[in-house]
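J.: have a look; sequence and predicted model below, questions after that.
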Amino acid sequence: MDAEFDPASAAKPGDPRFFRRSPPHSVAAIAQALDAKLANCTAEDSGRLISDVGPLHAAGPAEISFLDNRRYAASLEATKAGAVIVHPEFLPRVPKDSVAIVTPEPYLGWAKVTALFYPPANPAGGVHPAAIVHPDAVIGEAAEIGPGAVIGARAEIGAGSIIGPLAVIGEGVVIGKACRIHAQATVSHAILGDHVVIYPGARIGQDGFGFAVSGTGVFVPIQHLGRVLIGPGAEIGANTTIDRGSAQDTVIGAGVHIDNLVQIGHNTKIGKGTVIVAQAGVSGSTTIAEQVTIAAQAGVTGHLNIGKGARIGAQSGVMSDVAPGAEVLGAPAQPAKAFFREVVALRKLAKGGRKPNQTTPTD
Amino acid sequence: MDAEFDPASAAKPGDPRFFRRSPPHSVAAIAQALDAKLANCTAEDSGRLISDVGPLHAAGPAEISFLDNRRYAASLEATKAGAVIVHPEFLPRVPKDSVAIVTPEPYLGWAKVTALFYPPANPAGGVHPAAIVHPDAVIGEAAEIGPGAVIGARAEIGAGSIIGPLAVIGEGVVIGKACRIHAQATVSHAILGDHVVIYPGARIGQDGFGFAVSGTGVFVPIQHLGRVLIGPGAEIGANTTIDRGSAQDTVIGAGVHIDNLVQIGHNTKIGKGTVIVAQAGVSGSTTIAEQVTIAAQAGVTGHLNIGKGARIGAQSGVMSDVAPGAEVLGAPAQPAKAFFREVVALRKLAKGGRKPNQTTPTD
Amino acid sequence: MDAEFDPASAAKPGDPRFFRRSPPHSVAAIAQALDAKLANCTAEDSGRLISDVGPLHAAGPAEISFLDNRRYAASLEATKAGAVIVHPEFLPRVPKDSVAIVTPEPYLGWAKVTALFYPPANPAGGVHPAAIVHPDAVIGEAAEIGPGAVIGARAEIGAGSIIGPLAVIGEGVVIGKACRIHAQATVSHAILGDHVVIYPGARIGQDGFGFAVSGTGVFVPIQHLGRVLIGPGAEIGANTTIDRGSAQDTVIGAGVHIDNLVQIGHNTKIGKGTVIVAQAGVSGSTTIAEQVTIAAQAGVTGHLNIGKGARIGAQSGVMSDVAPGAEVLGAPAQPAKAFFREVVALRKLAKGGRKPNQTTPTD
């Protein structure tokens, strides 16, 4: 038992209790994997073995680090890392004992190098004896069904997919190949493409919030006869909820990334590569184009059109259509510049009545 | 395996993978079921068989559709649907080949017709062999306990209720008749009326956020000795949380509809027929009257009274009592008209300093 | 079956269906347990037996109540309670038939007395036959593993801890002593101190929302190689989500209290005794000091520093550092006084254009 709580132990990533590291890689092999160039590097250096990743200030000669944000350029100059991933413009500032791995996209390089040293686990394959799989379900080759998971009749689990402990896959649901459905997630009335990731506790496919109210105040539910379609490579965050459609489908496009605790209403369509950050919500029947960003805690009301590449700021309340490429903020949402202009105007107005030498703590 | 992701397949509701359709109904039988009148209809037409539902633009001669929103009146005139549910004023615009089913409440008619063609499944009845039912629990006639569900000691499950896969019903909990407790929901310290619906992942009855802080900064929890009472016909959305009371009960009235990801604090009372939309939150000990609407992402602080029929707008921050019938908006919430007047005043103020020919994209 | 829904039954706490009461205690024993003084009490009175707790207006001669809020002083004067916990200044207003238990912290006394009469259940101990425990897991003495719970390889469950029904404890996770992990919670990549409470459906330790986007728009995930560390006595609310760190750990300090449906992003550090109320969110890599209060639905963006004892108001949008002890409100958040000054200034401005006799309902 080592349950002692020690925040100081927080410094080093890759605790072997939880993470399995691959064997060392040479800097040449790393550069090749990243499609990057070696620099600051002799022929001999190119065989240098790197065994782990680490932050600039803590990495040693057998570790690789990276610089993505120019604020940390001083840490680059002082690093003891055996190799660093950098943009060409920072090459002159790489210390002489560090091999430079040069790429125009160093953060992308870092993402790849973390996966090189800590590759995601392959499915162990097979159905856990405590899983509850309906005899009419179809389990693909090398798929893994975790303990206590429930797989309904006629559900299809694609090859190489992992269904986590105590997840529920409803009747008829189709899960593509190489998907990860994490613990405790619920998926019903849905068809998922390949490489989809569903985080713990997400709820996909329940009927949405729709009912008719009679003259006498009785609520009559609308049957939800649509589905949820989730495109390849999409990711759905922990405890996020996505309702299925009523007379059409709810559609989450390819590569869409949705964070935790997000609400997606029935019949919503979300275009390819759109990103929705934690605790945001989209009401029913709204259409969101490709590559839109919706920041945390924002709300988008129903039956709207949000244009391609639009950016919706945190906590915004979007009550009307947003043009492609527009950046909006506030509630009701408006162009970000106008929002900030109003913030300034209001601060001036409120100070108008005070004597010039009055101040508030953070003014 | 048909895991190919095809958003174009999104058009048609009622995918037989997921939904079971009833046999065809004659237009006369449908009109009777809806308590509506037939029009645009010969004696022979009244036997016309309808086999499915569909949207106006896609429905064919064997399908029924509806018009509820006058914006879509042109679609009504062009529809090929065999029957349409309409308000009397739209009767003249029904095409000659469509039978009109005439009612003053066409959306209510649509709700009923979706349930006629796609009736909610009856419980299969019986306890799944992988359910974990305490020997002292009482399971009502024809109730269904799903795979992996956990039913605690002395819990009572009413006749015809369905407990979904991996749901947890705690010790002593009472579930009424014909309830639906969906997958992964947790219910403890609660008494539910009949026809209650709890969506996946909802958390009902945990102790609320209450503690005393000693002079030395130690937190001492208040024991939560109240319960959660949920009235007949109430619905609780996916991943919503309802804490039990501390010295009294948390009460959710009959027919209350709560959407996904909503937080209801301890000791809160919510009156009959009130509607709370996704991601809204109500702090502890607030009393909400009947037929109130709380829109998405709104917050209501503790110890308040919200009057009958009040309407609280999306993202509002309610910091004081709301009068019956009042409509409030903003943070701090105020009458909706005053809120919009302020929005306009602030926009004018912020533009005051600009030259007349300056514009912003959406002004 | 007693599923009749009866809100009037809501009055009395401690329904024996759900709560187990301890045997009666004398007022002398109660005073001793609370480290308080008896007053308004003869020698004979000090042996008076109290058998339950109750609110001032409903408690009888065998029950104990308390006064914490001077608004209810009239209820104190009228109470029939056999004993009342009061601040010394209210001693003169205690009725002659009530024994006074006098303490400068009556709410803290009330918390202690509720635990005295309704002590939290001790773990029954043992592994439920339907639990799924990996043979390499280590289960501490007198720990209790509930039905359907899944305990991964090399996980360690501390002595006297309770793992609720259908909870998932991932590989290698360390749970301290006397913890309560409630039903359906998921804990992975985490190390918990002693006396930690995790409420139903909380998601601890999944990888956070982090990815690099390539020039061609492909999302490459950043491997999350950090953990979640949770200090002793911390409490995490129902359906709350806490992501593990990417290159460092996410750290929840000792005694931190987090309410329901809160989002904590990767790499966030939260200091001792901080309180975060329902539906608030903290973006990644923000550092929050000790004894901070973040009220409901507030949002704090990433990479910020929030100073010790700061108070962040409900629905605030914090976009920059907050000084120790500061109280901020609004979006963008600003000092609370400045926020309210702006509210007033804007109301005046908006009314400027109206005739003097115009009013709105709540003005």
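T.: That came through fine.
J.: residues touching stretch A:54-63, excluding its own?
T.: Contacts to stretch A:54-63, defined as C-beta atoms under 8 Å, 6 or more residues apart in numbering or on different chains, come from residues A:11-13, A:24, A:49-53, A:64-67, A:72, A:75-76, A:78-84, A:97, C:247-248. Glycine gets a C-beta too; all of them are placed from N, C-alpha and C.
J.: redo that, cut-off 10 Å
T.: If you take C-beta atoms under 10 Å, 6 or more residues apart in numbering or on different chains as the criterion, stretch A:54-63 is touched by A:11-14, A:24, A:48-53, A:64-67, A:72-84, A:97-98, A:117, C:225, C:247-248.
J.: out of those, which end up buried?
T.: The neighbour-count criterion (16 or more other C-beta atoms under 10 Å in any protein chain shown) marks A:13-14, A:48, A:50-53, A:64-67, A:72, A:75-76, A:79-84, A:98, A:117, C:225, C:247-248 among the contacts of stretch A:54-63 as buried.
J.: and the residues you listed near chain B, which?
T.: Checking the buried ones among the contacts of stretch A:54-63 against chain B by C-beta under 10 Å from any C-beta of the partner chain, not one of them is in range.
J.: so of these, which ones are in helices?
T.: Among the buried ones among the contacts of stretch A:54-63, the members falling in helices (DSSP state H) are A:75-76, A:117.
J.: what is the end-to-end distance of stretch A:199-218?
T.: Stretch A:199-218 has an end-to-end distance of 37 Å (criterion: C-alpha to C-alpha, to the nearest Å).
J.: ok now that stretch, how far from the chain's centre?
T.: Computed by C-alpha atoms, centre = their mean, to the nearest Å, the chain-centroid distance of stretch A:199-218 equals 26 Å.
J.: hmm, back to that, nearest to chain C, of the ones in helices among the buried ones among the contacts of stretch A:54-63?
T.: Set against chain C, the nearest of those by C-beta to the nearest C-beta is residue A:117 (7.9 Å).
J.: what about chain A, any weak spots by pLDDT?
T.: Residue ranges of chain A with pLDDT under 70: A:1-11, A:353-363.
J.: and it, what are its domains?
T.: If you go by automatic domain parsing, the domain ranges for chain A are A:7-117, A:185-337.
J.: possible to save these as a markdown table with distance to residue B:299?
T.: Shown next, in a markdown table, are these (distance: least, C-beta to C-beta, whole Å):
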| stretch | distance to residue B:299 |
| --- | --- |
| domain A:7-117 | 32 |
| domain A:185-337 | 11 |
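J.: which of these is buried the deepest?
T.: Burial of the domains of chain A is given as mean neighbour count (mean count of other C-beta atoms under 10 Å in any protein chain shown); domain A:185-337 ranks first at a mean of 24.
J.: work out for me the element residue A:348 sits within.
T.: Taking DSSP states H and E as the definition, one finds residue A:348 inside helix A:336-351.
J.: so which bits of that helix are buried?
T.: Buried residues in helix A:336-351, counted by 16+ other C-beta under 10 Å: A:336, A:338-339, A:341-343, A:345-347, A:349-351.
J.: closest to chain C out of those?
T.: residue A:350 (4.1 Å).
J.: re earlier: quick check: the farthest pair among the buried residues of helix A:336-351?
T.: Using C-beta to C-beta, the pair of the buried residues of helix A:336-351 lying farthest apart is A:336 and A:351, separated by 23.2 Å.
J.: restricting to C-alpha, output stretch A:118-138 in PDB.
T.: Taking Å, rounded to 0.1, in the frame of the first residue of the first chain, the C-alpha atoms of stretch A:118-138 are listed here in PDB:
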ATOM      1  CA  TYR A 118       3.800   5.300 -25.000                       C
ATOM      2  CA  PRO A 119       1.800   3.500 -27.700                       C
ATOM      3  CA  PRO A 120      -1.900   3.000 -27.000                       C
ATOM      4  CA  ALA A 121      -2.500  -0.600 -25.900                       C
ATOM      5  CA  ASN A 122      -3.700  -3.000 -28.500                       C
ATOM      6  CA  PRO A 123      -6.900  -4.800 -27.600                       C
ATOM      7  CA  ALA A 124      -6.200  -8.000 -25.700                       C
ATOM      8  CA  GLY A 125      -9.000  -9.500 -27.800                       C
ATOM      9  CA  GLY A 126     -11.700 -11.800 -26.500                       C
ATOM     10  CA  VAL A 127     -14.800 -11.600 -24.500                       C
ATOM     11  CA  HIS A 128     -14.300 -11.300 -20.700                       C
ATOM     12  CA  PRO A 129     -16.100 -14.200 -18.900                       C
ATOM     13  CA  ALA A 130     -18.100 -11.600 -16.900                       C
ATOM     14  CA  ALA A 131     -19.300  -9.800 -20.100                       C
ATOM     15  CA  ILE A 132     -23.000 -10.200 -21.000                       C
ATOM     16  CA  VAL A 133     -23.100 -10.700 -24.700                       C
ATOM     17  CA  HIS A 134     -26.400 -11.500 -26.500                       C
ATOM     18  CA  PRO A 135     -26.100 -14.700 -28.600                       C
ATOM     19  CA  ASP A 136     -27.200 -12.700 -31.700                       C
ATOM     20  CA  ALA A 137     -24.500 -10.000 -31.300                       C
ATOM     21  CA  VAL A 138     -21.600 -10.100 -33.800                       C
END
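J.: can that stretch be said to contact chain C?
T.: Yes - using C-beta under 10 Å from any C-beta, we find that stretch A:118-138 touches chain C at A:118-120, A:128-131.
J.: looking at the residues you listed, state which has the most neighbours.
T.: Highest neighbour count within the residues of stretch A:118-138 next to chain C, by other C-beta atoms under 10 Å in any protein chain shown: residue A:131, with 24 neighbours.
J.: return the residues in contact with it.
T.: Contacts of residue A:131 (C-beta under 10 Å, 6+ apart): A:139, A:144-151, A:163, A:165-167, B:130, B:147-148, C:132.
J.: what's the spacing between residue A:330 and chain B?
T.: 9 Å (C-beta to the nearest C-beta, to the nearest Å).
J.: find the residue closest to that residue in space, skipping its chain neighbours.
T.: Closest residue to residue A:330 apart from its sequence neighbours, by C-beta to C-beta, 6 or more residues apart in numbering or on different chains: residue A:339 at 4.2 Å.
J.: for the one you found, give me its contacts.
T.: Contacts for residue A:339 (C-beta under 10 Å, 6+ apart) come out as A:313, A:316, A:327-331, A:333, B:350, B:360, C:332.
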